[in-house]
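[1] 3D model of this:
(2 chains)
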Amino acid sequence: MKKSVSIACIMVAAFGLAAPAAAFEPNRPVEFVVTAGPGGGTDIFARTIQAIIAKYELMKAPVVVTNKGSAGGAEGFVYTAGYKGDAHKLAFGTNNAYLLPVRAKVPYKAEDLTPIAALASDEFVLWVNGKADYATAADFVAKAKEGGLKIGGSQSKDVDQILTSMVNDATGAKINYIPFKSGGEAAVQLAGEHIDANVNNPSENAGQWQAGMVKPLCVFKSVKLTSEAKVVGDKGWSDIPTCKEAGIPIDNYSMPRTVWLPAGVEPDVVQFYADVLRKVSETPEWAKYLADTSQSPAYLSGDDFKAAIEMDGAAVSEVLKREGWLAN
Amino acid sequence: MENIDLLIDGFGHILSWNHFLLMMVGVTLGILVGVLPGLGAPNGVSLLLPLTFSMDPISAIILLSCMYWGALFGGSTTSILFNIPGEPSSVATTFDGYPMAKAGQASRALTLAFVSAGLGALAGVVMITLLSGWVANFALKFSSPEYFAVYFLAFASFISMGAQSPFKTLVSMMLGFALASIGMDTISGNLRLTFDIPELIKGVSFLIAVMGLFGIGELLLTTEEGLRFEGIKARVKLAEIARTLIEIPRYWLTIARSTIIGIWMGITPAGPTAASFMSYGVARRSARDKSKFGKGDPRGVVAPETADHSAGTSALLPMLALGVPGSATAAVMMGGLMIWGLTPGPMLFTDRPDFVWGLIASMYLGNVVAVFLVIATVPLYASILRVPFSIIGPIIVAVIFSGAYQVANSVSDIFLVIGFGLIGYVFKKLDYPLAPLVLAMVLGDKAEDAFRQSMLMSGGSLNIFWSNGLVSTLMALGLALLLSPLVFWIVGSLRGRKHDAAAPHGDGNAAV
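    I've put the predicted structure just below:
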């Protein structure tokens, strides 16, 4: 109860501050370009924001959501980048916005997009089959060092495979990576015991965990997850140990959920959307969305966001370089 | 039967005038969305999704799933009337549906299609009701080698359909594979065949190909033949619909066989498109008199429609039971589930039986409502054919172009549609079959992914396709189907008999 009261206070404060609005205000429909197919994590991210904007009337202009998710999201980013200077196109994605141009020859560069904000950070969990006899991540790593284990994940040379490569590098394991079309497919393959593990986001495996088909070994985060919801019996998200304490020396690995404008827009445009998104991130609906999908709140904008992009990009590029996946 | 009790309980949750009204609205909107090519069910459902946020989950899923049923029915309408499949799964319906419409039997073809589709869907729901627990576990047995085997089976059953030149089929299929590989490759993450053209990175949508090859191609042919649809003199009579309804029981064997194929392909996630093609192929091969296939044989309408819908319905079960969407539309609905506060996954059956069984009960009612509503539209649609071609032709072109734009909101797709239209025209003139191209485009890239994933799993050994009973059976069936025409051909030529492989094959080119 206390929490919701404090959120309400923040909201009142937010609306109070909103009065001296930025100079820019969109005067025609704003297109939300989702760089993933309908129903995926990024799609729900964008549509939740759309619903919250509509509910609190945070923006006068109507919002149109379009899905352009082909080629790992490159379709949507190329499309958005093509509207240079257009203040009415927003691309919704993850860190794929700045990683795609590094690992594939896609027809856009990270500089063709203007970062607005990151609103959440999705976590990565090491999952194994519910019947597997690994009790801890250390057991899994010990087995993985013998070779022959398979991790399945979404797409190739993307976040899941990069993490697999980092695990191999950090522990000396020899895990093979099998790319699937989506995290959902990797979840079912694990439930059916066709692969040995996956590194899905919490929401991608929650249903299977509930049914006991899969179980989590550790979360790739420096502190434990905070969601108090119980999933199976008395076990919940906050009971998953961090990978570092469980035997995999990887401190922090997460995926930001990000929003972008095309390059060449005025600073007040970026400020306007950053404000709208900040207000979104302060609503109870947003808190509920984060809790339902077990993501962590992580609102970042302006220079903080740019610094985070820089850091994430550098860490990942190192892996890409080691594996020889750089496109240029 | 515990499931039956739960189902009756589910009916209890949905039987109200409110829900009935929602069903009518959903189905009507769905038919509308289905008839317009390109708009399609996934787009329609995403447009409607925000409206459902404030509804309770059961009402919301009734509205969305009924829209899906309506769209599936609407998709076959344009296949039959104009040779323009609304979705790839209705391509096989054009083979005999369009010739029937041309011969003045539009009402009969439409009624046959709708009723058999309804029967197929109902069979799918009955399967879900009775076997939900078992099927969910069975679906878990499928991994990449099994997927590949299922796709292989679909290709094999289609190749062996008996087109007059296997080489022409091969050319068409290879072109389809090439088109399917445009864009980003899942296994390597690299771009292929994009030639640095930004528009190509998203790949070539099979909806665009289908609209161009069939729709524009057909229009070009019609224009060449003198600006008119043939056989439009037939008048629309309500009696004809009634007569067709009485005729249905005659096709019980085709319906039963297609239902089984459809349910099988729906559970194994090969999907409705593979199911309808395979069902058409099997119906043609097992018919004693093949001569009328491709020229307007009613069985050629009944078989793909039944399989399409039973597969479409059965595909919802893995989604509910495992939390994995079987189609784009199902993915949107799953997104909806999360927004309504439900966790899709195995526990949904236990946690929210009222929701799951309410949905299943609404599938029964929704499909019945849909069949009645679409049959009521038959006279309207059939009378469209009486409009002179010089008026309807340009309208179709406009609808195709706007549909092509809708698929990905991309102008370049309109030029692609024109390109595919020319290919379709040339193919028909030179008597190349179009269907293998479409099948290869739809399944080619999935089959490739499954094959390469299997190779990654096995470290490059082909033995993985014979590693367990399930995958071995599927592969053996596929090989048998693939080789059977060769065996028949050898036996046939030994007997010195003229083989009926010289009959025109089924891609609607009876028009040429």
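[2] find the closest residue to chain A in chain B.
    Nearest residue of chain B to chain A (CB to the nearest CB) works out as B:G345 at 1.6 Å. Glycine gets a C-beta too; all of them are placed from N, C-alpha and C.
[3] name all residues that make contact with that residue.
    Listed by CB atoms under 8 Å, 6 or more residues apart in numbering or on different chains, the contact set of B:G345 reads A:206-208, A:210-211, B:322-323.
[4] that one - that's part of a strand, no?
    No. Assessed with DSSP: H, G, I helix; E, B strand; the rest coil, B:G345 is coil; it does not lie in a strand.
[5] on that earlier part again, buried among the contacts of B:G345? Need that as a selection in PyMOL.
    The PyMOL command for the buried members of the contacts of B:G345 (criterion: 16 or more other CB atoms under 10 Å in any protein chain shown) is given here:
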select buried, (chain A and resi 206+207+208+210+211) or (chain B and resi 322+323)
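[6] so which one among the contacts of B:G345 has the lowest pLDDT?
    Within these, pLDDT reaches its minimum at B:G323, with 70.
[7] buried residues in stretch B:184-199?
    Buried residues in stretch B:184-199, counted by 16+ other CB under 10 Å: B:184-187, B:189, B:191, B:194, B:198-199.
[8] surely B:M338 and A:I44 touch.
    Yes. Between B:M338 and A:I44 there is a contact under CB atoms under 8 Å: 6.2 Å.
[9] overlap of the contact sets of these two?
    Here B:M338 and A:I44 have A:T293 as joint contacts, going by CB under 8 Å, 6+ apart.
[10] so those two - more neighbours on which side?
    Per other CB atoms under 10 Å in any protein chain shown, whichever of B:M338 and A:I44 has more neighbours is A:I44, with 23 against 19.
[11] so the more buried one is in which element?
    In the assignment (DSSP states H and E), A:I44 maps to helix A:41-56.
[12] packing partners for that helix?
    If you count contacts as 3 or more CB pairs under 8 Å, 6 or more residues apart in numbering or on different chains; DSSP states H and E, helix A:41-56 packs onto strand A:30-34, strand A:63-67, strand A:89-93, strand A:113-123, strand A:254-262, helix A:267-281, helix A:284-292, helix B:328-339.
[13] tell me the most buried of the ones you listed?
    strand A:89-93 (a mean of 26; mean count of other CB atoms under 10 Å in any protein chain shown).
[14] contact partners of that one?
    Here strand A:89-93 has contacts from A:30-36, A:42, A:45-46, A:49, A:73, A:76-77, A:79-80, A:83, A:97, A:113, A:116, A:257-262, A:273, using CB under 8 Å, 6+ apart.
[15] tell me the contacts of the closest residue to A:R257 other than its chain neighbours?
    Residue nearest to A:R257 in three dimensions, not counting chain neighbours: A:A120, with 4.5 Å by CB to CB, 6 or more residues apart in numbering or on different chains. Going by CB under 8 Å, 6+ apart, A:A120 touches A:45, A:256-257, A:290, A:295-298.
[16] nearest to B:G478, out of those: which one, please.
    Distance to B:G478, by CB to CB, is smallest for A:F45 among the contacts of A:A120, at 40.8 Å.
[17] can you find the helix or strand in chain A with the smallest mean pLDDT?
    Ranked by mean pLDDT, DSSP states H and E, the helix or strand of chain A with the weakest confidence is helix A:2-18, at a mean of 48.
[18] and A:A36, how far from B:V442?
    21 Å (CB to CB, to the nearest Å).
[19] just the angle between the helix holding A:I44 and helix B:328-339, please?
    If you take axes from the mean of the first three to the mean of the last three CA atoms, to 10 degrees, helix A:41-56 sits at 50 degrees to helix B:328-339.
[20] B:L6 versus the spatially most central residue of chain B, what's the distance?
    The centroid of chain B falls nearest to B:S89 when counting by CA atoms, centre = their mean (1.6 Å). In this view, B:S89 and B:L6 are 30 Å apart by CB to CB.
[21] swap in A:A173?
    Where B:L6 is concerned, A:A173 sits at a distance of 45 Å (CB to CB).
[22] pLDDT score assigned to the spatially closest residue to B:D354 that is not a sequence neighbour?
    Nearest residue to B:D354 in three dimensions, chain neighbours excluded: B:H13, at 5.3 Å (CB to CB, 6+ apart). B:H13 carries a pLDDT value of 83.
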